[in-house]
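# build me a model:
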Amino acid sequence: MIKRAKNLLSNRLNERGGSSVKVISITLILLFLISGAIGIYYQFKDRANFSEEEIQAAQQVAQHELAGASAIATETAYDDRIEVIQSLGYSEPEVEKSTYTFEKHTDSDVYILLKLQPHEAYPNLSRVLIQIFNKENGSLISNLENVLTWKES
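Here you go, the predicted structure:
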């Protein structure tokens with residue numbers, strides 16, 4: 001009888017241990033699901049929606065900036081690229097590794113980032129990325145990537 005009581009008691013303890021593991025695992029799974037849902041909510045909440053006209057206007061600004069940079073690059077040596085880009089109205093560049101980031105504030109409701117990065121294979125080429133941001137909330141409206149060809153020195 002005592003042996004049977006011990007077996008029942010040990011079975012009860014095993015069931016309790018099993019049920020506490022189940023409760024903890026279910027709680028953790030629910031926390032992961034809730035935190036994932038909250039993360040997705042905030043990701044989409046911060047995203048700004050722009051009209052087609054705003055996106056098209058930003059793309060035109062980016063194309064205009066690229067055309068200006070391309071025109072001046074063909075007449076300038078690669079070594080003078082920083083001064084030439086600044087002459088287009090951009091601020092002093094921030095340098096991160098080999099990437100130069102220039103910023104330009106306009107009178108409209110956008111500001112422009114121009115990033116220059118040297119091409120790996122050709123010394124007179126630079127990769128250029130032009131990004132148009134909304135001044136109000138800092139959201140990216142449009143971007144344009146291309147390559148600038150500098151005058152051979």
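# the protein: helices as residue ranges?
Assigned by DSSP state H, the helices in the chain fall at 2-45, 52-73, 81-87.
# enumerate every residue touching the closest residue to residue 132 other than its chain neighbours.
Once flanking residues are discounted, residue 132 sits nearest to residue 58: 4.0 Å by CB to CB, 6 or more residues apart in numbering. Using the backbone N, CA and C atoms, a C-beta is placed for each residue, glycine as well. Residues near residue 58 by CB atoms under 8 Å, 6 or more residues apart in numbering: 50, 110, 132, 141-142.
# nearest to residue 71, of those?
Nearest to residue 71 among those: residue 132, at 19.3 Å, using CB to CB.
# mind splitting this protein into its structural domains?
The chain breaks down into these domains under automatic domain parsing: 1-47, 52-149.
# pick out the shakiest of those, pLDDT-wise.
Note on the domains of the chain: lowest mean pLDDT is at domain 1-47, with a mean of 73.
# what comes up buried for stretch 25-45?
Applying a neighbour-count criterion of 16 or more other CB atoms under 10 Å, one finds nothing buried in stretch 25-45.
# for burial, what's the neighbour tally of residue 143?
Counted with other CB atoms under 10 Å, residues neighbouring residue 143 total 15.
# that one touches residue 59, doesn't it?
No - in this structure, residue 143 is not within contact of residue 59 by CB atoms under 8 Å, at 9.1 Å.
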